[in-house]
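Participant: Structure, please.
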Amino acid sequence: MGILNVTPDSFSDGGHYAGTEPALQRIRQMVEEGAAIVDVGGESTRPGSDPVPEAEELARVIPVLERAVPEFPGVMFSVDTTKPEVARRALECGAHMVNDVSGLRAAPELADLCAEHRAALVIMHSRGTPKTMQQQTGYQDVVGEILEFLEQKVAYARSRGVESIVVDPGIGFGKTLEQNLQIMRHLHTFSRTGCPVLVGASRKSLIGQLLAGKDGPRPVDNRLAGSLALQYHALTLGATICRVHDVREARDVLDVFLALS
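Facilitator: Below you'll find the model as predicted:
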């Protein structure tokens with residue numbers, strides 16, 4: 001899953017692909033590099049970020065999908081949103097998947113929209129909002145609590161008629177470094193939901209913290225090797241989808257993993 005942030009303020013590539021033409025060029029590049037899914041997001045969810053008005057998110061996302069879906073018929077398009085109207089408009093454009101970082105907390109009706117359009121739904125675990133999530137990292141059993149949350153939300157989505165569900169434990173969303181590592185060590189646990197598991201760890205702060213030097217955390221643009229290491233580890237523990245910034249390199253990792261396994 002290639003990441004396409006059509007935002008000015010995402011933590012890694014904010015502002016690079018804002019505007020329809022730069023976004024389409026980036027999609028073309030990711031597809032050529034081996035992306036099977038393109039995840040289009042119009043609102044940054046980095047820690048501390050502010051929400052984006054619905055009209056602004058629509059203006060960022062919908063023109064891209066209107067052009068991209070017919071231009072790339074062999075690619076699955078996902079919309080990264082928590083807003084029902086953005087999801088509805090994206091699905092009407094032909095998007096195949098809704099990636100909900102709130103895990104149906106913000107808008108349970110996203111499940112109904114996915115069922116209506118026979119679209120896939122990604123249910124991600126998180127707490128609070130991007131603005132507040134890093135203040136809500138208290139867990140007794142981080143893996144067990146995330147699994148319980150995902151199982152409950154999967155059951156709800158199925159009860160609303162969603163047939164294709166993916167779960168995401170939410171690396172970096174309301175978790176400390178050690179909690180993120182616990183999740184990665186026990187990633188196979190989330191297969192108990194009966195759903196494919198998505199992992200989004202690309203360039204995230206846990207890599208910067210793990211590879212910190214005397215000047216502090218490793219900068220975002222120098223986290224490729226750490227991202228690929230986490231991706232390979234995720235594949236060995238049963239991850240089905242890896243959400244990545246660096247598509248060509250991630251595809252190389254996948255091809256080597258598949259050859260070995």
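
Participant: check contacts around the residue of the chain positioned farthest from its centre.
Facilitator: Centroid-distance maximum for the chain: Lys214 at 30.8 Å, with C-alpha atoms, centre = their mean. For Lys214, the set of contacting residues under the criterion of C-beta atoms under 8 Å, 6 or more residues apart in numbering is empty. Heads up, the C-betas are built off the backbone N, CA and C, glycines and all.

Participant: Run through the helices of this structure in chain order.
Facilitator: Along the chain, the stretches classed as helices by DSSP state H are 20-33, 54-71, 84-92, 110-117, 142-159, 177-185, 205-210, 224-236, 247-260.

Participant: Serialize those helices to TSV and add fields for distance to Gln134, mean pLDDT and mean neighbour count.
Facilitator: Output for the helices of the chain, formatted as TSV (distance: least, C-beta to C-beta, whole Å; pLDDT from 0 to 100; neighbours: other C-beta atoms under 10 Å):
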stretch	distance to Gln134	mean pLDDT	mean neighbour count
helix 20-33	29	96	17
helix 54-71	22	96	18
helix 84-92	24	98	21
helix 110-117	24	98	20
helix 142-159	14	98	18
helix 177-185	11	97	17
helix 205-210	10	96	20
helix 224-236	20	98	18
helix 247-260	26	98	15
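
Participant: Including distance to Asp39, could those helices go into CSV?
Facilitator: As requested, these are arranged in CSV below (distance: least, C-beta to C-beta, whole Å):
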stretch, distance to Asp39
helix 20-33, 10
helix 54-71, 11
helix 84-92, 11
helix 110-117, 15
helix 142-159, 18
helix 177-185, 20
helix 205-210, 19
helix 224-236, 15
helix 247-260, 11
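
Participant: Look up the pLDDT of the closest residue to Val69 other than its chain neighbours for me, please.
Facilitator: On the basis of C-beta to C-beta, 6 or more residues apart in numbering, the spatially nearest residue to Val69 that is not a chain neighbour turns out to be Gly94, at 3.8 Å. Per-residue pLDDT puts Gly94 at 98.

Participant: ok, Gly94 to Ile62 distance?
Facilitator: Using C-beta to C-beta, to the nearest Å, we find Gly94 at a distance of 11 Å from Ile62.

Participant: One more: Pro70?
Facilitator: Going from Pro70 to Ile62 by C-beta to C-beta gives 14 Å.

Participant: what sits against Leu91?
Facilitator: Residues in contact with Leu91, defined by C-beta under 8 Å, 6+ apart, are 79, 98, 113-114, 117, 119.

Participant: just Gly2 next, same as before
Facilitator: Residues in contact with Gly2, defined by C-beta under 8 Å, 6+ apart, are 27, 30-31, 33, 35, 37-39, 244-245, 247.

Participant: So Leu224 sits against Glu249, correct?
Facilitator: Yes. Taking contacts as C-beta atoms under 8 Å, Leu224 lies within contact range of Glu249: 6.4 Å.

Participant: where do the contact lists of those two overlap?
Facilitator: Common contacts of Leu224 and Glu249 (C-beta under 8 Å, 6+ apart): none found.

Participant: Could you export the contacts of Leu91 as CSV, including distance to Pro8?
Facilitator: Formatted as CSV, the entries for these read as follows, by distance: C-beta to C-beta, whole Å:
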residue, distance to Pro8
Val79, 18
Val98, 23
Leu113, 27
Cys114, 28
His117, 29
Ala119, 27
